[in-house]
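# Fold the following and give me the result.
(2 chains)
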Protein chains: 2
Amino acid sequence: MNAPLTAGELPRGFSFAAMHCGLKKTKLDLGLLLSEVPASAAAVFTSNQVAAAPVVLCRAHMQKSRQKIRGIIVNSGNANCCSGPEGYAASVATAERLAQALGRVDPSQLLVCSTGVIGAPLQVDKILVSVPELVRSRKGDVGAFEQFARSIMTTDTVPKWATERIRIGGKQVRIVGCAKGSGMIHPNMATMFGFIATDAAIPAPVLSRVLKAAVGPTFNSITVDGDTSTNDTVALLANGEAGARSITGGANYEKFFEALHAVCKSLALAIVADGEGAQRVIEIEVRGAPSDRAADQVARTIANSPLVKTAVAGADPNWGRILAAAGRSGVKFNFERADIWLAGIEVCRGGREYAFDEIVTHEKMLEKFVPIVVDLHSGEGKARMWTCDFTKEYIHINASYRT
Amino acid sequence: MNAPLTAGELPRGFSFAAMHCGLKKTKLDLGLLLSEVPASAAAVFTSNQVAAAPVVLCRAHMQKSRQKIRGIIVNSGNANCCSGPEGYAASVATAERLAQALGRVDPSQLLVCSTGVIGAPLQVDKILVSVPELVRSRKGDVGAFEQFARSIMTTDTVPKWATERIRIGGKQVRIVGCAKGSGMIHPNMATMFGFIATDAAIPAPVLSRVLKAAVGPTFNSITVDGDTSTNDTVALLANGEAGARSITGGANYEKFFEALHAVCKSLALAIVADGEGAQRVIEIEVRGAPSDRAADQVARTIANSPLVKTAVAGADPNWGRILAAAGRSGVKFNFERADIWLAGIEVCRGGREYAFDEIVTHEKMLEKFVPIVVDLHSGEGKARMWTCDFTKEYIHINASYRT
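Okay, here's the model as predicted:
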């Protein structure tokens, strides 16, 4: 998934930096993604009402700057959540210090993101003192981008990035994204982040629309444990430095959407594959539901069922758990019409066991990617979700005492 | 919880039987609870749309008999679910054979319950051939009741029973109940059962009302893994053999409700304590929610959060996970007013960490019973739920290949 990047894949006019400021013991814990010129920006944030201070600040900055953003500063090691007025002040101070170091930038043109332990005071001085060096050390090369992708990691075992290139009116346009996320909230860390940069030119309202369209079937269609973090953020900056014509709709919009969707999907699947303790990725496709919304509800219930996820951990073709999860999803359907395929093998037809080879199915389920298809034969609705299996290692990671 | 029973605790006019008919390898797998005279009956069944054949039959029998029931026959080892028309025919045949063996009983006066693997054909012949012996061997003594309580077990590690005695108009009335349930659905087994017998006299409509009232805050307020089984059944038979006056309302109704509630609560907590892999019971009390319904929604979201349950497994006072789960519950509240107590110690006040002794709290969380209190200070609504912690052993039990 993480092929080495080449210089030509990075969008023009962006630079990156990463350093260790002391929030973590030794690893990179402060990162910067910067556009050399003001960029159109779009962002989506956590739906959790318990939203961290930096999320509150970012929402305000997106409004105040009218979606014109220069950069994103990210710390890992502390989520700055449930941290009271001091927490909000810390995010404000970070934006102000960064604006000062950059010069001729309004603080509202900067986004501030935090990930890490909830409820502990953020030692913001460690960030503030490091900002000038962070700004000075920024570079537009592949190495700097990879370091940035590492600096946002928490329980992630690998950095995650993805790129796409398309042509808009004869000019090449590039998209690069990186993400972090493993468990939705971890004892010492938290959150899913996706940061995406492109040198396409796209007006902010169009950018918001295309980001929302791309996030729905990707970042919003994955689950590790059903827990929504307090800090989730996906941000997309488009600085127009490729020199291609502005994308406002039509075929160019579709082309850009496809490429952005591919980047988001690749990052989303990388998060699931790196899920805490995960051995394999599970794809859940629901068809024949009364509506797309109903299909989504069924798919989410199956994806969050501990019994389905533990069965896949054991490579056990236990289709009864899948049907039982669908049955409690709240969606009306006649289960005596339902068909289920597990790892490509039909295991249930018309709500009953369909003669299948248990050993062959078990062996297919030992692979890294396990597709589950459920056809309810109760309409035209369909949806797709991804999750990971639920292993002893997940418990081990999450039951360990924080200190 | 399971104090040894004495003869005086069993309601009059009931008998019990249990045997091994061959659905399991060696353990008891067929049980009978019988009233010697027709009893008023009330029952609640799974809300899962994927309902097993015996559940469908029981619903029909409750209607057809106008809630006059003689007995309940239960098999463990096979849930008879997703088993097609043959499965339904198997439940019908079981009721008919039992009616025949008893004589002068209509099959509609009998309930049939099954628990075990989903989707595998039920070898009903093993049941049918055993029914006459089962009927002959029935006894009204404590030993027979305890054997019955054992015959309905699947992954349960202990049988579960509870009793209460009250006086109605000078006459003693007895309630005895037994339950099974460990995971909601297990690879080889399934389901939560509660079977309750009383020698009180109560008309069927009143019985339905009191059972519903008692089940809400007990059996319907526990969760092991959020998965609702296809076979869940709670049934209550009242045969009037105590000779006390009929309970129709007023103070006697309240007295009976209290006793029934105590039996149901004791059984429900026994199920949670015996949850697959559980080390400890977690009580979640939510106060100050906008409504009781909202409080229930918050409590359920916390109770089903894998991150909260794994934190308790590690005795980690990670209150941020509790608040984050409340935040994604869909209930509106201002988290900056929320207070949280963990194992009796205040750990969060006004949505921020409240200085507490981590080591002391950790040690308190190592106890068998861990209360969590969340006060949202956003209204008068309150609710209580019980669950268990989430351990590696849960994964071990549920990830094992079925064969």
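# So the host helix or strand of A:Asp125, near chain B or not?
A:Asp125 is part of helix A:124-136 when elements are defined by DSSP states H and E. No - using Cβ under 8 Å from any Cβ of the partner chain, no contact is recorded between helix A:124-136 and chain B, whose separation bottoms out at 16.0 Å. No exception for glycine: its C-beta is placed from N, CA and C like everyone else's.
# gap between that helix and the chain center?
Taking Cα atoms, centre = their mean, to the nearest Å, one finds helix A:124-136 lying 26 Å from the centre of the chain it belongs to.
# and what of stretch A:375-382?
Taking the mean of its C-alpha atoms, stretch A:375-382 sits 28 Å from the chain's own mean (Cα atoms, centre = their mean).
# what's next to it, contact-wise?
Identification of contacts with stretch A:375-382 by Cβ atoms under 8 Å, 6 or more residues apart in numbering or on different chains yields A:285-295, A:298, A:326, A:332-334, A:337-340.
# hey, C-alpha coordinates of that stretch in CSV?
What follows is stretch A:375-382 as a C-alpha-only set of coordinates in CSV (Å, rounded to 0.1, in the frame of the first residue of the first chain):
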residue,chain,number,x,y,z
ASP,A,375,-27.9,-10.1,-0.3
LEU,A,376,-31.2,-9.4,1.5
HIS,A,377,-33.3,-9.7,-1.6
SER,A,378,-35.6,-7.0,-0.2
GLY,A,379,-34.9,-4.0,-2.4
GLU,A,380,-32.2,-2.2,-4.4
GLY,A,381,-30.2,-0.6,-1.6
LYS,A,382,-26.5,-1.3,-1.2
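# Run through the residues that contact A:Lys180.
For A:Lys180, the residues meeting the contact criterion (Cβ under 8 Å, 6+ apart) are A:Ser76, A:Thr115, A:Ile152, A:Met153, A:Thr154, A:Asp156, A:Lys160, A:Thr191, A:Met192, A:Phe193, A:Ile271.
# Kindly tell me how buried the first one is, as a neighbour count.
Which is A:Ser76. Applying other Cβ atoms under 10 Å in any protein chain shown, we find 28 other residues in the vicinity of A:Ser76.
# The fourth one too?
By other Cβ under 10 Å, the residues close to A:Met153 number 26.
# my read: it touches A:Pro159, true?
Yes - checked against Cβ atoms under 8 Å, the pair A:Met153 and A:Pro159 is within contact range at 6.2 Å.
# quick one, helices of the stretch 51-200 of chain A?
Taking DSSP state H, counting those that start in this stretch as the criterion, the stretch 51-200 of chain A carries its helices at A:53-64, A:84-102, A:124-136, A:142-151.
# quick one: the second one to helix A:53-64, angle?
Taking axes from the mean of the first three to the mean of the last three Cα atoms, to 10 degrees, one finds that helix A:84-102 is oriented at 60 degrees with respect to helix A:53-64.
# so what's A:Gln147 up against?
In this structure, A:Gln147 makes contact with A:Phe16, A:Ala17, A:Ala18, A:Leu28, A:Gly31, judged by Cβ under 8 Å, 6+ apart.
# residues near the spatially closest residue to A:Ala315 that is not a sequence neighbour, how many?
Closest residue to A:Ala315 apart from its sequence neighbours, by Cβ to Cβ, 6 or more residues apart in numbering or on different chains: A:Met365 at 3.9 Å. When neighbours are defined as other Cβ under 10 Å, A:Met365 has 24 of them.
# List phi and psi for A:Met365.
When read as degrees, to the nearest 10, the backbone of A:Met365 gives phi -80, psi -10.
# pLDDT wise, what is it at?
The predicted structure scores A:Met365 at 96 on the pLDDT scale.
# ok, now which ones touch it?
So, once contact is read as Cβ under 8 Å, 6+ apart, A:Met365 ends up touching A:Val312, A:Ala315, A:Asp316, A:Pro317, A:Leu342, A:Ala343.
# quick revisit: ok, the contacts of A:Lys180 vs A:Gln67, which is closest?
Distance to A:Gln67, by Cβ to Cβ, is smallest for A:Phe193 among these, at 18.9 Å.
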